[in-house]
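S.K.: What follows is a protein structure lacking sequence information:
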């Protein structure tokens with residue numbers, strides 16, 4: 001049953017006024033532009049724990065802004081909560097002059113879903129951006145602010161699923177395509193025209209932010225700028241001159257690092273091997289590079305805020321700093337990952353400076369999240385908060401009011417991984433995680449901040465488990481009933497001399513209707529080693545089902561992998577986004593399970609299925625082997 005759609009967890013625990021849960025879905029000629037010379041990269045960088053040597057003026061508070069406030073939303077990329085000591089200028093200008101949210105979270109720890117939640121104030125199960133490939137179709141706060149007379153801009157990253165082309169709700173647009181183009185000589189779409197740039201990405205984006213502020217000063221209207229550099233996202237290449245920073249950085253080895261005992265964790269996580277020497281060395285190197293890239297970001301934020309001071313706009317500008325998600329540095333055996341419901345991925349730096357409301361700097365320990373940003377901007381701009389917004393305005397916390405939520409919903413769909421989805425409740429003290437088809441988890445964050453001991457089966461926590469489980473069931477949307485529709489074993493055959501290439505279809509279907517007749521599974525070869533499975537016949541058989549996931553079981557090593565896939569209308573082929581392939585060491589056979597969300601079924605008799613190899617082009621053998629599908633539940 002669907003629940004009412006506002007404020008998923010209210011202060012009243014009996015009420016739990018929830019957000020209504022929608023149905024579940026899983027160039028012009030280039031111009032070379034040279035950036036303004038960057039600040040001297042060899043300038044001394046303050047030690048991580050030291051304060052800046054310059055005195056930064058605090059904007060004088062004003063009881064009543066003359067007009068609606070300006071908004072400067074700064075979104076870093078893959079930045080952990082525990083890295084702000086490496087950004088002393090930003091710390092001094094924003095965190096030390098406003099409200100620092102020590103428990104700031106993202107509700108889905110992945111770039112595109114999290115940024116979509118920032119822009120809409122909605123949980124991912126409501127805005128339907130479940131991963132980095134899904135486009136956002138909901139109205140954003142930028143669109144509404146623009147409609148209400150704001151001068152709007154976006155500089156840096158928009159959404160992973162967006163191709164970088166100009167969007168009309170922005171008066172100023174300087175954006176790269178996709179997740180991250182690297183740190184040097186980027187290609188940017190500047191107000192509709194693609195341009196090649198020479199220089200370091202963070203400084204180039206800084207210069208565009210300064211240009212935006214100068215143009216905004218000429219407007220007779222308030223401004224709203226999303227400043228979203230790619231730092232410290234991989235590959236985390238530092239600015240010229242910063243490569244030698246933190247040469248004596250101590251290794252990062254918390255108790256959860258390369259966790260030895262995973263017996264209490266879900267089965268999918270227990271299958272992860274211990275990090276090896278090369279992975280450990282790579283993580284140490286990547287961590288240092290991430291911290292190095294923060295130096296250029298710190299200088300850039302400092303310069304942008306200095307211009308606000310020079311323009312006399314700092315007093316009437318809300319400045320908000322957040323990261324779209326964090327990531328692991330080896331905890332729980334994760335290397336370069338961020339999709340999972342543990343503190344290292346969901347806990348992010350989060351602060352607001354707005355002199356009329358934050359004249360007394362302080363640290364706020366109550367739970368806030370990325371979904372709270374949009375409603376905050378709406379309220380301060382005098383725009384009614386749309387009913388579909390799940391978050392809450394931060395304005396009461398900025399004023400020091402006490403009534404607030406005591407729990408957050410965390411959810412994720414880690415595609416390309418070993419399981420399908422999870423949902424979690426993060427309270428002041430506990431973290432309860434329900435992983436689909438696997439062991440639930442309960443962590444007492446007061447006694448076990450590193451999430452080492454799963455207490456879900458501890459009798460002392462039985463009442464807590466029952467309570468949080470019920471609250472989670474109320475908070476998240478109704479889950480579709482999933483069943484294994486079929487299982488089959490595919491003989492693995494070598495390539496032969498009579499392969500032919502075929503192109504892929506283009507149309508991505510939401511509903512899958514096809515019949516299965518034969519099967520092939522062959523290696524792809526070339527530059528993309530691995531295996532790709534492709535379905536061949538599109539005649540309707542399983543009508544009314546949404547095919548969710550293929551699960552692959554290698555009988556040679558008993559490993560399992562789950563991958564997302566798409567069915568194309570013209571030939572029914574199954575493909576993986578971004579060229580994800582199956583592992584190369586499959587042995588002599590491969591077991592495939594098809595998982596579906598059962599809605600209705602007009603004709604559910606077991607069939608056979610065509611499978612042939614392919615990546616961007618498919619390779620089909622002349623006389624492939626075949627196999628039969630047997631229905632399982």
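M.R.: Nice, I can see it. Bear in mind the structure is a predicted one, so any value in this text is a computation, not a measurement.

S.K.: pull the longest helix from the chain.
M.R.: Longest helix in the chain, counting residues (DSSP state H): helix 277-311.

S.K.: On the three-state scheme, residue 71 is what?
M.R.: The three-state label given to residue 71 by DSSP: H, G, I helix; E, B strand; the rest coil is strand.

S.K.: what are the bridge partners for residue 435, then?
M.R.: Beta-bridge pairing for residue 435 (DSSP bridges): residue 422.

S.K.: Give me the buried positions along stretch 135-148.
M.R.: Buried residues in stretch 135-148, counted by 16 or more other C-beta atoms under 10 Å: 136, 138-146. Any C-beta I mention is one placed from the backbone N, CA and C, and that applies to glycine too.

S.K.: contact partners of it?
M.R.: Applying C-beta atoms under 8 Å, 6 or more residues apart in numbering, the contact partners of stretch 135-148 are 71, 112, 116, 119-122, 126-129, 152, 154, 159, 161-162, 169-171, 224, 226, 373-374, 377-378, 381-383, 386, 388.

S.K.: Whichever of those residues end up buried, select them in PyMOL.
M.R.: Selection command for PyMOL covering only the buried members of the contacts of stretch 135-148, criterion 16+ other C-beta under 10 Å:
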select buried, resi 71+112+116+119+120+121+122+126+127+128+129+152+154+159+161+162+169+170+171+224+226+373+374+377+378+381+383+386+388
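
S.K.: So which of the contacts of stretch 135-148 sit within strands?
M.R.: 71, 152, 154, 224, 226 (DSSP state E).

S.K.: The stretch 51-200 of the chain: strands as residue ranges?
M.R.: Along the stretch 51-200 of the chain, counting by DSSP state E, counting those that start in this stretch, strands occupy 70-76, 99-101, 104-105, 151-156, 172-175, 187-190, 193-198.

S.K.: out of the ones you listed, nearest to residue 394?
M.R.: Proximity to residue 394 (C-beta to C-beta) singles out strand 99-101 among the strands of the stretch 51-200 of the chain, at 8.0 Å.

S.K.: Neighbouring strands of the closest one in the sheet, and parallel or not?
M.R.: strand 350-353 (antiparallel), strand 362-364 (parallel).

S.K.: Report the mean per-residue pLDDT for that strand.
M.R.: Across strand 99-101, pLDDT averages out at 98.

S.K.: Could you list the residues in contact with it?
M.R.: By C-beta under 8 Å, 6+ apart, the surrounding residues in contact with strand 99-101 are 350-353, 358, 361-364, 366, 368, 397-398.

S.K.: Weed out the non-buried ones from these.
M.R.: Among these, the ones that count as buried by 16+ other C-beta under 10 Å are 350-353, 358, 364, 368, 397-398.

S.K.: Including pLDDT, could those go into JSON lines?
M.R.: Formatted as JSON lines, these follow (pLDDT from 0 to 100):
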{"residue": "350", "pLDDT": "98"}
{"residue": "351", "pLDDT": "98"}
{"residue": "352", "pLDDT": "98"}
{"residue": "353", "pLDDT": "98"}
{"residue": "358", "pLDDT": "90"}
{"residue": "364", "pLDDT": "96"}
{"residue": "368", "pLDDT": "98"}
{"residue": "397", "pLDDT": "94"}
{"residue": "398", "pLDDT": "92"}
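
S.K.: From these, pick the one nearest residue 182.
M.R.: Within the buried ones among the contacts of strand 99-101, the smallest distance to residue 182 is 27.0 Å, found for residue 350 (C-beta to C-beta).

S.K.: Quote the end-to-end distance of stretch 245-261.
M.R.: Across stretch 245-261, the terminal residues are separated by 35 Å (C-alpha to C-alpha, to the nearest Å).

S.K.: just for the stretch 101-250 of the chain, where's the confidence low?
M.R.: Across the stretch 101-250 of the chain, nothing is flagged by pLDDT under 70.

S.K.: Mind jotting down where the helices sit in the protein?
M.R.: Under the criterion DSSP H, helices of the chain are mapped to 88-93, 111-120, 124-127, 141-147, 201-216, 267-270, 277-311, 343-346, 373-381, 395-398, 462-475.

S.K.: Show me what the last one is packed against.
M.R.: Read that as helix 462-475. Applying 3 or more C-beta pairs under 8 Å, 6 or more residues apart in numbering; DSSP states H and E, we find helix 462-475 packed against strand 407-412, strand 422-427, strand 430-435, strand 441-444.

S.K.: quick one: average confidence on it?
M.R.: 95.

S.K.: quick check: angle from it to strand 430-435?
M.R.: Going by axes from the mean of the first three to the mean of the last three C-alpha atoms, to 10 degrees, helix 462-475 is angled at 60 degrees with respect to strand 430-435.

S.K.: Might you list the low-confidence residue ranges for the stretch 401-550 of the chain?
M.R.: Scanning the stretch 401-550 of the chain for pLDDT under 70 picks out the ranges 415-420, 478-550.

S.K.: related to what we said a few turns ago, ranking the helices of the chain by burial, who's on top?
M.R.: Mean neighbours per residue, mean count of other C-beta atoms under 10 Å, is largest over those for helix 111-120, with a mean of 28.

S.K.: Just the angle for that one relative to strand 151-156, thanks.
M.R.: Taking the same axes, to 10 degrees, one finds that helix 111-120 is oriented at 170 degrees with respect to strand 151-156.

S.K.: now residue 169: how far from residue 154?
M.R.: Distance from residue 169 to residue 154, counting by C-beta to C-beta, to the nearest Å: 9 Å.

S.K.: now swap in residue 224 and tell me
M.R.: Remark: distance between residue 224 and residue 154 (C-beta to C-beta) = 10 Å.

S.K.: what does residue 315 give?
M.R.: 24 Å.

S.K.: and what of residue 475?
M.R.: For residue 475, the distance to residue 154 - C-beta to C-beta - is 31 Å.

S.K.: Kindly report the same for residue 81.
M.R.: Distance, residue 81 to residue 154, using C-beta to C-beta: 25 Å.

S.K.: just residue 128 next, same as before
M.R.: Remark: distance between residue 128 and residue 154 (C-beta to C-beta) = 21 Å.

S.K.: now do residue 455
M.R.: 43 Å.

S.K.: Might you report the residue contacts of residue 185?
M.R.: Residues counted as contacts of residue 185 (C-beta under 8 Å, 6+ apart) are 196-199.

S.K.: for residue 407, same thing?
M.R.: Taking C-beta under 8 Å, 6+ apart, one finds 9, 367, 425-428, 471, 475 in contact with residue 407.

S.K.: can you check residue 412 too?
M.R.: Shown in contact with residue 412 (C-beta under 8 Å, 6+ apart): 108-110, 113, 124, 339-341, 421-422.
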